[in-house]
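Peer 1: generate a structure from the sequence data that follows.
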Amino acid sequence: MTRSFHRIACESEMLAATLDSGTEPTALLIVSGGNEIRSGAHGGMAQLAMRVAEQGFPVLRYDRRGIGESGGDNRGFLDSAEEIAAAAQFLRAQQPQVNRIVAFGNCDAATALALFGPDAGIDRHILANPWVIETSDESDRGDSLPSSAAIRSRYWDRIKNPRTIVDLLSGKIDFRKLLKGLKQASKTEENSALSLRLRDALAHLEGDSRILLAKRDTTARAFLAAWNSADFATLRRNPGIKLETLDSASHSFADQAARDWLTDKILGALRQA
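Peer 2: Just a heads-up that it's a prediction; the model follows:
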């Protein structure tokens, strides 16, 4: 394995990228989520790339325009089709033995991959904790209130925990936040336009796709609420989509057990591609 650093032309800008070379004909393209740089949260994507490349699979990571070392303006994940296409083309050019690209993305990168991956020439998709919550500004996603379904799921977990009563009596639980959460949880809401757009994109993906969820993560819970709704009934019967969950609250699969689980799932997809 050799790690090298590159610049990828993307329209009038240049994307900073890192390539871990390999000999296998299947390669992994990692798309960063949110406004994270290509190393990922706590270096998680860099470590993932190293573990995958050690098994012989080439891995490319890049910074989206306006993020990290890449030029241009940050226009958000819904305007990132050109970056995904440019990265996939560059990966094939740099590793000429590659005839299949498996792409992985977490959070809004997962949603972006489902929307734009097919046109970029991606052969298989691995989507972790897809983002389906709509906000007026993508930069506010970290502070946005979770969906009602996600809040209900979280409160159900707390109710099942005997410590909750103790925390209520001892004042560890803020009653004002509790009441605000209960009010939000009681609302009935329809699936967002973004979730329906994601549904339609998933329905048209060719080949097997995997959805990986840290099921106690708020973003994953919001996706699961949409997935289990009537709007997604036909999609749930699609044999080409495999949904797998991990009993974890780690959105970025940061702890050792979550990292190992994620690595195993990605390597499994690469070997089957």
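
Peer 1: closest to the centroid, which residue in this structure?
Peer 2: With the centre of the chain defined as its mean C-alpha position, the nearest residue by Cα atoms, centre = their mean is Asn106, 1.5 Å away.

Peer 1: phi, psi for that one please.
Peer 2: Per-residue torsions, Asn106: phi -120, psi 140 (degrees, to the nearest 10).

Peer 1: ok, what's across the strand from it?
Peer 2: On the basis of DSSP bridges, Asn106 is bridged to Ala128.

Peer 1: looking at it, it is touching Ser252, isn't it?
Peer 2: Yes. Between Asn106 and Ser252 there is a contact at 6.6 Å, judged by Cβ atoms under 8 Å. Any C-beta I mention is one placed from the backbone N, CA and C, and that applies to glycine too.

Peer 1: my read is Ala87 is in a helix, agree?
Peer 2: Yes. Under DSSP: H, G, I helix; E, B strand; the rest coil, Ala87 falls within a helix.

Peer 1: show me what contacts the residue nearest to the centre of the chain?
Peer 2: Contacts for Asn106 (Cβ atoms under 8 Å, 6 or more residues apart in numbering) come out as 33, 128-129, 251-253.

Peer 1: quick one: the helices in the stretch 51-200 of the chain?
Peer 2: 81-94, 108-116, 148-159, 163-170, 175-185, 193-203 (DSSP state H, counting those that start in this stretch).

Peer 1: which elements pack onto the longest one?
Peer 2: Put plainly, it is helix 81-94. Applying 3 or more Cβ pairs under 8 Å, 6 or more residues apart in numbering; DSSP states H and E, one finds that helix 81-94 makes contact with strand 3-10, strand 13-20, strand 26-31, strand 59-62, strand 100-106, helix 108-116.

Peer 1: tell me where the model's unsure across this protein.
Peer 2: Across the chain, the ranges flagged by pLDDT under 70 are 136-188.

Peer 1: try it again at 90.
Peer 2: Flagging of the chain using pLDDT under 90 yields the residue ranges 1, 34, 41-42, 134-190, 206-207, 273.

Peer 1: packing partners for the biggest helix by length in the chain?
Peer 2: When the chain is parsed with DSSP state H, its longest helix is helix 256-272. Here helix 256-272 touches strand 26-31, helix 44-53, strand 100-106, strand 124-128, strand 209-214, strand 241-246, going by 3+ Cβ pairs under 8 Å, 6+ apart.

Peer 1: out of these, which is closest to Tyr62?
Peer 2: Evaluated with Cβ to Cβ, those place strand 26-31 nearest to Tyr62, the distance being 8.0 Å.

Peer 1: and the closest one, which strands flank it?
Peer 2: strand 59-62 (parallel), strand 100-106 (parallel).

Peer 1: what comes into contact with it?
Peer 2: 38, 40, 45, 48-49, 52, 57-62, 80, 83-84, 87-88, 91-92, 95, 98-105, 109, 112-113, 122, 266, 270-271, 273.

Peer 1: can you check stretch 73-90 too?
Peer 2: 6, 8-11, 15, 17, 29, 31, 33, 35, 60, 62, 64-67, 101, 103, 108-109, 111-113, 115-117, 119-122, 131, 138.

Peer 1: give me the buried subset of those residues.
Peer 2: Among the contacts of stretch 73-90, the ones that count as buried by 16 or more other Cβ atoms under 10 Å are 8, 10, 15, 17, 29, 31, 33, 35, 60, 62, 64-65, 67, 101, 103, 108-109, 111-113, 115-117, 120-122, 131, 138.

Peer 1: Arg210 bridge partners, please.
Peer 2: Ile126, Lys242.

Peer 1: please give the number of neighbouring residues around it.
Peer 2: 20 (other Cβ atoms under 10 Å).
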